[in-house]
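[1] Generate a structure from the sequence data that follows.
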Amino acid sequence: MKPDEIANEWLMLEDIYEGAIKALGNIAYGNRIAIATLIDFIQRYKDHVICSDAAKALWDIDPGNAIALNTLVQILETTENTSLLYISMIYLMAIDPGNKAVITILTERIKTTQNEFFRFKAAFCLGKFDSGNRMALSTLSKMLETSEEECVYFYAADILMQTNDYQQQVIKAMWKMVKLKDERTSLNALFNLLKIDSNNQQSFDTLIRLLNTTKHESILTSAAYDLQQFNLSIKLETKKLNKLIAVFIRLIQTYQDLAVKENENGDLFPSEWLSYESCLLDIADDLTKILQKEHFPQVVITLKDYLNKQFYKNNSYRYEAVFNIIWHCAENLTYPDFHKAMN
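    Numbers count the residues shown, from 1 in each chain. All right, here's what the predicted structure looks like:
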């Protein structure tokens, strides 16, 4: 069998095993056959994601199972695979967040590993597992100063920005990312900057300028989801708020057409993992959260033409998104004002 055929066969087996583990994990607590099967998976695939998945599923149907816990701890102690390290740590956070052995193991691995990237991921895991851990913060801070890898900047920032002592260092690193001119990198960096200081004029203006000039619908979609997490209810200056509303209106109006163009050009579009329908409805919900009373009439005037039978027939989800927005406006306008805007 050729190497690529072996690889393909293993990927197919992975899918089968993942499906089986998921099904076993949904079985009622204490099922002996399921427990025995999952233990068999653990024993056979000690150095693979299958093993950690099986350990987590085993814990779910048999809470307190020593094999499940010890398996994840052992993976953390021995693996050289950064993905497996992270997955095992996430599972341990879910089933035993106070486990001191995890902190000890990750600390030791940071000290002893010769692999810089592995040290970085171990420090990131330690920072996630033990918020404020000095070893994690110190390691990530040094790497933020010396690394040229984009992923290091963002992973390190995720931990360091939560601590006042390192925020200025993170701010400097994020502006470096903004200046790279890659739109998605800039977007992520700007949201990090706003999480540190939500009232920063330069960060907000740069973000709005990016959203108003980008030709990539996927950038706007990412922004919509990040803005939802960021806190749309924040009190923005009128000028800022008007700019932001304009971005959301444009997204509601053009979402599908731009998406199709980007797909035809071969660009990765978020519908690979998020449906067009759910994105559009969520974006409409985001918009209603930031609208103020003075915006309602103009929003109704701008979007009302999307509420017709033909449009509903051709694009029911945009119709629904617009309907939700206009309904929100109607609830907050007097009848004469709403009637005037609709006619």
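[2] By mean pLDDT, flag the weakest helix or strand of this structure.
    Ranking every helix and strand in the chain by mean pLDDT, DSSP states H and E puts helix 3-25 at the bottom, with a mean of 55.
[3] Near residue 99, how many other residues are there?
    By other C-beta atoms under 10 Å, the residues close to residue 99 number 17. To be clear about C-beta, it is placed using only N, CA and C from the backbone, and glycine gets the same treatment.
[4] Verify the stated contact: it with residue 73.
    Yes - look at residue 99 against residue 73 with C-beta atoms under 8 Å: they come within range, at 7.3 Å.
[5] Are there residues contacting both of the two? Which ones?
    Common neighbours of residue 99 and residue 73, using C-beta atoms under 8 Å, 6 or more residues apart in numbering, are residue 92.
[6] what about stretch 173-185, start to end distance?
    One end of stretch 173-185 sits 12 Å from the other (C-alpha to C-alpha, to the nearest Å).
[7] what sits up against that stretch?
    Contact with stretch 173-185 is made by 144, 150, 153-154, 156-157, 186, 188-190, 192-193, 206, 210, 214, 216, 218-219, 222, as judged by C-beta under 8 Å, 6+ apart.
[8] Show only the entries of those found in strands.
    Nothing among the contacts of stretch 173-185 maps onto strands, per DSSP state E.
[9] ok, of the residues you listed, which come out buried?
    Using 16 or more other C-beta atoms under 10 Å as the burial test, those include 144, 153-154, 156-157, 186, 188-190, 192-193, 206, 210, 214, 216, 218-219, 222 as buried.
[10] Tell me the buried residues in stretch 58-66?
    For stretch 58-66, burial by neighbour count (16+ other C-beta under 10 Å) applies to 58, 59, 60, 61, 62, 65.
[11] for stretch 192-208, that is, sorry about that
    Neighbour-count burial for stretch 192-208, counted by 16+ other C-beta under 10 Å, picks out 192, 193, 194, 195, 196, 203, 204, 206, 207, 208.
[12] ok, for residue 300, nearest residue in space, not its chain neighbours?
    residue 341 (3.9 Å; C-beta to C-beta, 6 or more residues apart in numbering).
[13] what helix or strand does that neighbour sit in?
    Counting by DSSP states H and E, the secondary-structure element that holds residue 341 is helix 335-342.
[14] Could you pull out the buried residues of that helix?
    For helix 335-342, by 16+ other C-beta under 10 Å, it's 337, 338, 341.
[15] any chance of those residues in a markdown table, plus pLDDT?
    Shown next, in a markdown table, are the buried residues of helix 335-342 (pLDDT from 0 to 100):
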| residue | pLDDT |
| --- | --- |
| 337 | 93 |
| 338 | 93 |
| 341 | 93 |
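[16] Now render those residues as TSV, adding distance to residue 128.
    TSV is the format used below for the buried residues of helix 335-342 (distance: C-beta to C-beta, whole Å):
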residue	distance to residue 128
337	50
338	48
341	48
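[17] Between the residues you listed, which sits nearest residue 283?
    residue 341 (21.2 Å; C-beta to C-beta).
[18] Is it correct that that closest one is in contact with residue 303?
    No - at 10.0 Å, residue 341 and residue 303 do not qualify as touching, with contact defined as C-beta under 8 Å.
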